[in-house]
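K.L.:
quick one, fold the following:
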Amino acid sequence: MGRSILCRFALALSTVLTISTTMWPSAAQSPSQVSVAKFAHLRVYRSRRVTGSALAPSIYVDDREVARVGNGRRISIRLLPGAHNIRSDDKSSLIALDAAAGQEYFVRVDEEVGFWKGHGKLTLLVSEQGSAEFRLQKPVEDDRRIARDLIEDDATAVEGSEPAPPTSATEASGESATPINVSFTSTPSGADIEIDGSFVGNTPSSVELAAGDHSVVIKKAGHNAWERRLKVMSGDIKLNADLEKQKDPQ
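P.N.:
Sure, this is the predicted structure:
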């Protein structure tokens, strides 16, 4: 009698455990346990610049520090589909991202002048621009990779990042897409430099740009803005902006 009851109890317990493991998988499932096809891919990079070159802003995903991105570096982060908050040390740079499985998202880090701790402004870019710029950078150094379970293999990330269509005669002809050094000066000096709508530093400064067309604005308080459309092809480029003083209102 006692043995029969024990057998029935063991059978019932086994059934309950089987149902539990089938219906309720582990809630602590991490991104590394999910099929690669179910991930979204966040490509974060920082174009090489003279301004703030020694700084390495941290990148956070949902308030978890993932990596520090130095000058001319890139990192690829796997995300589970759904809503995520992406930011740098500067909390005002928050990007609210609704990630979809299999999609790539490109975020550029621009160093904010005036911060000494490595604060960076984040900009979400269209894939055509972000993919081309991302591939020009180098992988983030090993000692700056923090949340390793979220970081993708760099070779796989670059391979999966589709090249953007040619944006200039240089790229269309198959020539090297190596960044081109452009030096900016102005009279008077100390003017703000904006390239493609983003602040990159003050004159005098040197900036590396990808081949193609770029909009350049150099401006200083009390002077008229200097605006040009620049076509970067090859070789070192030097530009000097003569800023005219604004006329006093009559």
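K.L.:
only C-alpha atoms from now on, for both contacts and neighbour counts.
P.N.:
Will do.
K.L.:
can you show me the helices along the protein?
P.N.:
2-23, 127-136, 154-160, 169-172 (DSSP state H).
K.L.:
distance of Glu128 from Ala101?
P.N.:
Going from Glu128 to Ala101 by Cα to Cα, to the nearest Å gives 19 Å.
K.L.:
relative to Pro139, how far out is the residue nearest the centre of the chain?
P.N.:
Nearest to the mean C-alpha position of the chain, counting by Cα atoms, centre = their mean, stands Val44 at 2.4 Å. With the distance defined as Cα to Cα, Val44 ends up 10 Å from Pro139.
K.L.:
same question, Asn224
P.N.:
40 Å.
K.L.:
before we move on, the earlier item: name the residues contacting each of Val44 and Pro139.
P.N.:
Common neighbours of Val44 and Pro139, using Cα atoms under 8 Å, 6 or more residues apart in numbering, are Arg74, Ile75.
K.L.:
for Ile151, which non-adjacent residue is closest in space?
P.N.:
Ile77 (4.6 Å; Cα to Cα, 6 or more residues apart in numbering).
K.L.:
so who does that neighbour touch?
P.N.:
His41, Leu42, Arg43, Val44, Leu150, Ile151, Glu152.
K.L.:
determine which two of those are furthest apart.
P.N.:
Farthest-apart pair in these is Val44 and Leu150; separation 12.7 Å (Cα to Cα).
K.L.:
if we can go back for a sec, out of the contacts of Ile77, which is nearest to Ser186?
P.N.:
Using Cα to Cα, Val44 is the member of the contacts of Ile77 that lies nearest Ser186, at 31.9 Å.
K.L.:
pretty sure Ile193 sits against Val200.
P.N.:
Yes. With contact defined as Cα atoms under 8 Å, Ile193 reaches Val200; the gap is 5.8 Å.
K.L.:
circling back: neighbour count winner among Asn224 and Pro139?
P.N.:
With neighbours defined as other Cα atoms under 10 Å, Asn224 and Pro139 compare such that Pro139 has more, 20 against 15.
K.L.:
okay, and the beta partners of the closest residue in space to the more buried one that isn't next to it in sequence?
P.N.:
Nearest non-adjacent residue to Pro139, counting by Cα to Cα, 6+ apart: Arg74, 5.0 Å away. Legend: beta-bridge partners of Arg74 under DSSP bridges are Tyr45, Pro139.
K.L.:
contacting residues around Arg74?
P.N.:
Arg43, Val44, Tyr45, Arg46, Phe134, Gln137, Lys138, Pro139, Val140 are the contacts of Arg74 under Cα under 8 Å, 6+ apart.
K.L.:
change it to 10 Å
P.N.:
With contact set as Cα atoms under 10 Å, 6 or more residues apart in numbering, Arg74 has these partners: 43-47, 67-68, 107-109, 133-141, 154, 158.
K.L.:
contacting residues around Leu97?
P.N.:
Leu42, Pro81, Gly82, Ala83, His84, Asn85, Ile86, Tyr105, Leu124 are the contacts of Leu97 under Cα under 10 Å, 6+ apart.
K.L.:
now Ala56
P.N.:
So Ala56 contacts 46, 67-71, 73, 89, 109, 111, 117-120, 144 (Cα under 10 Å, 6+ apart).
K.L.:
hmm, Arg46 and Asn71 touching each other?
P.N.:
Yes. Taking contacts as Cα atoms under 10 Å, Asn71 lies within contact range of Arg46: 6.0 Å.
K.L.:
what sits in contact with each of these two?
P.N.:
Joint contacts of Asn71 and Arg46 (Cα under 10 Å, 6+ apart) are Ala56, Pro57, Val109, Asp110, Glu111, Gln137, Lys138, Val140.
K.L.:
those: which two are farthest apart?
P.N.:
Farthest apart among the shared contacts of Asn71 and Arg46 by Cα to Cα are Glu111 and Lys138. That separation is 17.0 Å.
K.L.:
between the two, which is the more surrounded one?
P.N.:
The residue with more neighbours, out of Glu111 and Lys138, is Glu111; 26 against 18, by other Cα under 10 Å.
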